[in-house]
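Trainee: Sequence and predicted structure are below.
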Amino acid sequence: MTIVTPEEAWEFAKQELQRDMPKSAYIVYVQDTSMISYKDGIFVIGAKNNAICAWLIARLTSTIRRMLRGIMNRKWKWHLW
């Protein structure tokens, strides 16, 4: 079993999103996000501004949750900053 760090998990999730999303949407909303921190099962993801945060929350929460749960093989939460 390979152990994946939270940073690697977020990068893997971004790669999956890149494959699944229209290119323009990925570039605008996901490409420049970064993992700020991970503690006690909570990912904190950084985005460029509040509009991008709102878009990600409204449209990708369940998708990102499912991806990270599969990658990390455990339950967790995520927040945008």
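Mentor: On my side now, so go ahead.
Trainee: Is S37 in a helix, a strand, or coil?
Mentor: strand (DSSP: H, G, I helix; E, B strand; the rest coil).
Trainee: Tell me who's in contact with it.
Mentor: F43, V44 (C-beta atoms under 8 Å, 6 or more residues apart in numbering). Where you see a C-beta, it was placed from the backbone N, CA and C, and this is true even at glycine.
Trainee: ok, what's across the strand from it?
Mentor: Taking DSSP bridges, one obtains V44 as the residues bridged to S37.
Trainee: any idea how far it is from R59?
Mentor: 23 Å (C-beta to C-beta, to the nearest Å).
Trainee: same thing with I36?
Mentor: 20 Å.
Trainee: Report whether D32 is found in a strand, as I expect.
Mentor: No: per three-state DSSP, D32 lies outside any strand segment and is coil.
Trainee: For it, grab phi and psi.
Mentor: phi -90, psi 10 (degrees, to the nearest 10).
Trainee: shouldn't it be in contact with K48?
Mentor: Yes: with contact defined as C-beta atoms under 8 Å, D32 and K48 form a contacting pair (5.7 Å).
Trainee: so for the longest helix belonging to the chain, what's the average pLDDT?
Mentor: Using DSSP state H to define each element, the chain has its longest helix at helix 50-72. Helix 50-72 comes out with an average pLDDT of 92.
Trainee: Done for today, thanks.
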